[in-house]
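[1] Structure for this input, please:
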Amino acid sequence: MGLSMEDVLSSHVGPETRQESVRYGDLLVGNFTDHYYNNTLKFIHSIGLAKNFCGNSASGEGDGATTVPYVFLVDDDYLVSIRNLVLEAKR
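    As a prediction, the model looks like this:
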């Protein structure tokens, strides 16, 4: 069983993260340890968020078939080439 967002914010994160969550409402919390060997769980959790909250499935319109064209998962130890990212997105 996972923790509620209130439990996570009150006991598992620092004040800066709490402020960011309140300001943007985009904190994604999964019930697993953030470790290299759990990157698959992090990826699946992120894709589930995109499926459930982006496109028509989030607004309740249509059958939910319309989705965002890209989901870009970046971890804190990734190096992103913006030039290559833009070139890839244009293909």
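
[2] Which SSE is immediately downstream of the lowest-mean-pLDDT helix or strand in the chain?
    Sorting the helices and strands of the chain by mean pLDDT, DSSP states H and E puts helix 56-59 at the bottom, at a mean of 53. Once the chain leaves helix 56-59, the next helix or strand it forms, by DSSP states H and E, is helix 82-90.

[3] could you give me the average pLDDT of stretch 34-41?
    Across stretch 34-41, the average pLDDT comes to 86.

[4] Distance from it to the middle of the chain?
    Centroid separation between stretch 34-41 and its chain, computed with Cα atoms, centre = their mean, to the nearest Å, is 14 Å.

[5] With stretch 80-91 instead?
    With Cα atoms, centre = their mean, you get 20 Å for stretch 80-91.

[6] With just CA atoms, put that stretch into PDB.
    Coordinates of each C-alpha in stretch 80-91 appear next as PDB, following Å, rounded to 0.1, in the frame of the first residue of the first chain:
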ATOM      1  CA  VAL A  80      20.500  16.000 -22.300                       C
ATOM      2  CA  SER A  81      21.600  17.400 -25.600                       C
ATOM      3  CA  ILE A  82      18.900  19.900 -26.400                       C
ATOM      4  CA  ARG A  83      20.000  20.200 -30.000                       C
ATOM      5  CA  ASN A  84      19.700  16.400 -30.500                       C
ATOM      6  CA  LEU A  85      16.400  16.300 -28.600                       C
ATOM      7  CA  VAL A  86      14.900  18.900 -30.900                       C
ATOM      8  CA  LEU A  87      16.300  17.200 -34.000                       C
ATOM      9  CA  GLU A  88      14.800  13.900 -32.900                       C
ATOM     10  CA  ALA A  89      11.400  15.400 -32.000                       C
ATOM     11  CA  LYS A  90      11.200  17.000 -35.500                       C
ATOM     12  CA  ARG A  91      11.700  13.600 -37.300                       C
END
